[in-house]
Every structure is written in structure tokens, then in C-alpha cells.
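1. Task: produce atomic coordinates for the following.
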Amino acid sequence: MSKWTVKRLGDISDMCLGKMLDKEKNQGDYQPYLANINVRWGGFDLKNLSKMRFEEKEDERYGLKYGDLIICEGGEPGRCAIWKDEVPEMKIQKALHRVRMHDNYNPFFVYYRFLLAGRSGELSKHFIGSTIKHLTGIGLKQVEFEYPSLAIQNQIAAVLSSIDQKIEINNRINAELEAMAKTLYDYWFVQFDFPDENGKPYKSSGGKMFYSKELKREIPAGWEATVLGDFCSAIRGVTYSKTDVKATGSKNSAGILRATNISENKLDINNLVYVNDSLIDKQQYMNQGDILIVMSSGSKNHIGKNGVYYFKEKVAFGAFCSKLSLKGNFSSYINNFLGSGGFKTHIANSCLGTNINNLTNQHIAGCMLIKPEQSILTEFEKHTSEFYKKIAISTQENQRLAALRDWLLPMLMNGQVRVDSAADDLYSPEQGAGTRQP
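-> Here you go, the predicted structure:
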């Protein structure tokens, strides 16, 4: 650490706050932009991008290049990710800072240093606001970190990035498996072209249909209209205050999943808060196969988002969420329904409140859906169960990889563990070169 030097971010980078959204004043061509909700730690949610007008002269000011660090000004101040040219002509909105590092500073190293600072609370001294916190451009420029030589930055970033790259590969495989399950779901339960008794597509081959008044559409003969409550039960999560939050891993405490742990239909269990287990009812713990759904949020984009719990760890969940526990072997069918347009429409029509959008367990349980014949459900589960078994294995592996990365992160950043550039190995200075860390 003797060769590491303290630098302010404002002295080693160029910064820019994004463009104000103003439909009356903005001119130019419509182009996609990132908002605060699109930025996650280490990546971007690019499914629901908005567009606004940008002029050609604004390309340099608000445009993104590979390696730019995109940092949230509000929401969760300091949350950030590296832009890797995922979408052409991407711009940023005013809620985000674009940080472009000078030569001799690796943006991936800076990202991982921000990740550590965000988790440790180190960034909070640069926030303003009593209730709603913000990281302004002035505060961002004052953020100080210790930096080693560029060669060491590159080595540290390479070690941590290799772990995240494996996680990303698993995520892409999972996305492909989920897409395959969704395609089959749409084919069978939206188009109704499941195999008939002769192995032909049911509706396309003239299968009998009838009009369901409850669902306001035609469905196959022998099928019924039902409600989601017939397939699963909904339980609301733990209510706790800031004073109830305990130190990580303290005695008699349990981890709590929150709405922020759900992103793109995935659950992350590596960023929990902890409360005394006496506050938790036994029904408020997650079991493998349970689904966690967001019930209260300031954004309608987040309300109703959900993910399957594939893990074995004993974890509870907070009051802004509900747990859906299945009553039978319908997991693939229900998982796909919860990602369907029909369910999203039901959520949009059921939200209550003005500033905060809320759902109740009754809204979830009362959601109308199709109840296919049992033989069709059984066959669908048979076709898709292997997809979800593979997703579960990859998701559990990702959790272990993320835990390894988080274990290495502080030790790499404080010099306790270093990267041997010759051997591409990790070693502890106290234990000597070549001592492999777990």
C-alpha cells in the first residue's frame, strides 16, 4: 500500500450530469437514454428504455463511450455500472452522472472501489439531503480513494471482472432457458396450440373453443377461469424500522430480502439487511421454489416485479414484498404467468395510492387466469422442469461467485491480498507469495 496514492475523483476524471427531460424545450431526434431506474450495481436494465430529443451538438456532452462509469445521483446515490456499448447512441438523463476516467486510471477498478464504498457506507459523507439523499456533482468530485499503479489496477480489475463475467455468462444462459419456457407457454396457453390427442396443435387444427365471460376471451373446451389464489397463497413480509437493523451476521439475527433484491426476475441474496429473528414469523422465511413479489414501491415500473427463490439459505423478506407459495406442482405455469402481459395489466389496474403504489394480497389472489386441464399442465411441467433445474443450479453458482467476489473485494482494495502479475495468482503479503486464497 506504500505506493498507493489518494486522489479525488474530480481530479482524475471528466464528469457530466445528464440532460433534463423537457418535452417543450428539447429539440433534435428521439434517442434512448438511461434513467436512474435503468442502472443497477454492475449492469443495466435495458428492457424499458425511454427516449427524448437530442441534438447532434449534444452527442459529446450526453453520449456514452465504452468504459464510462454511470453513477446514480439519487435513489441509491453512488450506485453505478460501466457502460460497454450495449445499445447504440445511448444518452443519459439528469438523474445520472457520467464519469470518464483520465489515462492511468482503470474505470473497472474505480467501479469496484465504488462498489466497496457503497456497501461500507463510505460514500454517505458526500450525500446531501435529510430525508432524500443525493450525490451531487460537487460531492462526487470530492470522493477520495487510494489508487495503485495502473498495472496493479488492471490486475485487480481483471480478477474481479473474471468472476463477474462468469456470473454474466450464467445469466445469459438462464435468460435463454427462460425464453424457451416462455415460448412454450405462449404457444400452449396464449395461442392454445398445445398438442391435441393426435399430437397436432390444438387450436390451429380446429380444436373446440368457447367464450369465457370471466376472462373475456375464448379458451379451449374443458378449461376454466380461475384466480391466482387457487394456485398459491400470499404472505406479507416482516415489518421493521431502521433501529431494528443489526450488524451483518450478529447473533440471533436473520437476513431480510427487500424490493431492491429483485431485478429482471432474479433474486440477489448477497445484499441483505439483518434484524432480530424474534421479529420474524416462521411463515415469513423463504423456501426453495417460493416467489417473491414487490407489493409497494414509489415507481409503477417496480410494482409487481417478482423472482423465484432458488436458494437453501434461511432468509426472510420485508413488508414491501409478499411471498407466493405454490399449492401444487404448477411452478413453471405460474412463473410464466407472473411474467405475462395479462398479469402486468392486472397489476397496473390494481395499484392504489398517489405517490406510493401499493398492492394487497387480495389483489394478487384475485387475479384472473386460465385453469387448463390437469393433463396439459402436467405435460407442460414435464417439458419445462429441466429448464428450471438448470436455472436453479446456475443461480446458486452465481450466489457463490458473488460471495467470493465480495470476500476478495475489500482485501484487494486494502492490499491484504495482492495479485502476482507473474503467476496470475493471489497471495497474502503476510503468508508469502503463492498462497492461494479460497
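2. Looking at K47 now. What's its pLDDT?
-> Listed pLDDT for K47 reads 80.
3. roughly how far apart are it and I37?
-> Noted for K47: a distance of 11 Å to I37, by C-beta to C-beta, to the nearest Å. The C-beta positions use only the backbone N, C-alpha and C, and glycine is treated the same way.
4. Neighbour count: the two, which is higher?
-> I37 (15 against 8; other C-beta atoms under 10 Å).
5. Need phi/psi at the more buried one.
-> Note on I37: backbone dihedrals following degrees, to the nearest 10 are phi -70, psi -20.
6. How about the contacts made by it?
-> With contact taken as C-beta atoms under 8 Å, 6 or more residues apart in numbering, I37 is in contact with 45, 75, 299, 301-302.
7. at 6 Å instead, please
-> Going by C-beta atoms under 6 Å, 6 or more residues apart in numbering, I37 touches N301.
8. What of S13?
-> With C-beta under 6 Å, 6+ apart, S13 has these contacts: 99-102.
9. That one pairs with what?
-> According to DSSP bridges, the residues that bridge with S13 are M101.
10. On the pLDDT front, check it for me.
-> Reported pLDDT for S13: 97.
11. in the stretch 251-400 of the chain, what spans have low per-residue confidence?
-> 354 (pLDDT under 70).
12. Quick one: the helices in the stretch 51-200 of the chain, in order.
-> Counting by DSSP state H, counting those that start in this stretch, one finds helices in the stretch 51-200 of the chain at the ranges 59-62, 107-120, 137-141, 150-189.
13. Excluding residues flanking it in the chain, which one is nearest the residue at minimal distance from the centre of the chain?
-> Centroid-nearest residue in the chain, with C-alpha atoms, centre = their mean: S263, separated by 2.3 Å. In this structure, S263 finds its nearest non-sequential neighbour in R40, 5.7 Å apart by C-beta to C-beta, 6 or more residues apart in numbering.
14. From I262, how far off is the one you found?
-> R40 is 11 Å from I262, by C-beta to C-beta.
15. Also T183?
-> When T183 is compared with I262 (using C-beta to C-beta), they lie 23 Å apart.
16. quick one, which of those two is more surrounded?
-> I262 (20 against 11).
17. Give me the phi and psi angles of the nearest residue to the more buried one once chain neighbours are set aside.
-> Ranked by C-beta to C-beta, 6+ apart and with sequence neighbours excluded, the top spatial neighbour of I262 is G307, at 4.9 Å. Here is the backbone geometry of G307 (degrees, to the nearest 10): phi -160, psi 150.
18. my guess is G307 contacts K266, does it?
-> Yes - between G307 and K266 there is a contact at 5.2 Å, judged by C-beta atoms under 6 Å.
19. Same drill for those two, tell me which one is more crowded.
-> A side-by-side neighbour count of G307 and K266, using other C-beta under 10 Å, places G307 first with 22 against 17.
20. Name the residues linked to that one by a beta bridge.
-> Assigned bridge partners for G307, using DSSP bridges, are L292.
21. ok, it to G339 distance?
-> Applying C-beta to C-beta to G307 and G339 gives a distance of 10 Å.
22. which residues touch V143?
-> 9, 126.
23. repeat that for 10 Å
-> Applying C-beta atoms under 10 Å, 6 or more residues apart in numbering, we find V143 in contact with 7-10, 71, 78, 99, 110, 113-114, 117, 122-123, 125-126, 135.
24. PyMOL command for the buried members of these?
-> With 16 or more other C-beta atoms under 10 Å as the criterion, this PyMOL line picks the buried residues out of the contacts of V143:
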select buried, resi 7+9+10+71+78+99+110+113+114+117+122+123+126+135
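25. Considering the contacts of V143, which is situated nearest to S205?
-> I71 (55.5 Å; C-beta to C-beta).
26. which ones are touching the closest one?
-> I71 is in contact with 9, 15, 39, 77-81, 92, 96-99, 110-111, 114, 118, 123, 135, 140, 143, counting by C-beta under 10 Å, 6+ apart.
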